[in-house]
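Enquirer: Next comes the sequence, and after it the predicted model I'd like to discuss.
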Amino acid sequence: MKKILIIFVVLFAINARAQTNTPDTNHRESIPEIGALKDSDTIVRISVERNAEFPGGTDRFFSFIRKNLTYPSESHDKGIQGDVIVSFTVSPDGSLTNIAIKQGLAPDLDAEALKVVRLSPKWTPAMQNNKKVAVKFTVPVTFKLN
């Protein structure tokens, strides 16, 4: 019975504290937006009204990747295949920044995936409240043996 009483008191205290912590609307910039991440000094959104787009659309982006991708001979000879997961931010000016490997496959395949994503031309930036904003993407770069 004593344990139940202690649990009840702790839960009551947590609930009471949660109800008294109201956000400071004068410092709205310090409160992260829903669907947004803080990336250095820039808010990077993961959900926006109009998403960023590669020139010509998603299919053209993956065509661009396939066209510019070179299968590294070392991994090819070893029979290594699969997806390298790459993340990047499309900046408000449409350039790609913060390009990084989220899930690698082999060092030479990872380097090739980064190289080809870095070759991308500028994208049409994302829009939120009629303003160009940064948005984060995560895409697979597929290496498949024929």
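Expert: Arrived safely, thanks for sending. Numbering: from 1, shown residues only.

Enquirer: got the CA positions of the helix or strand hosting Ser75 in CSV?
Expert: Here Ser75 sits within helix 73-78, counting by DSSP states H and E. Taking Å, rounded to 0.1, in the frame of the first residue of the first chain, the C-alpha atoms of helix 73-78 are listed here in CSV:
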residue,chain,number,x,y,z
SER,A,73,35.6,-2.1,-59.0
GLU,A,74,36.7,-3.4,-55.6
SER,A,75,33.1,-3.9,-54.4
HIS,A,76,32.0,-5.1,-57.8
ASP,A,77,34.7,-7.8,-57.8
LYS,A,78,33.7,-8.8,-54.3
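
Enquirer: Which other helices and strands does that helix contact?
Expert: helix 107-118 (3 or more Cβ pairs under 8 Å, 6 or more residues apart in numbering; DSSP states H and E). For the C-beta atoms, the positions are set from N, CA and C on the backbone; glycine is no exception.

Enquirer: Show me what the helix it packs on packs onto, helices and strands only.
Expert: Short answer (3+ Cβ pairs under 8 Å, 6+ apart): helix 107-118 packs on helix 58-68, helix 73-78, strand 82-90, strand 96-103, strand 131-143.
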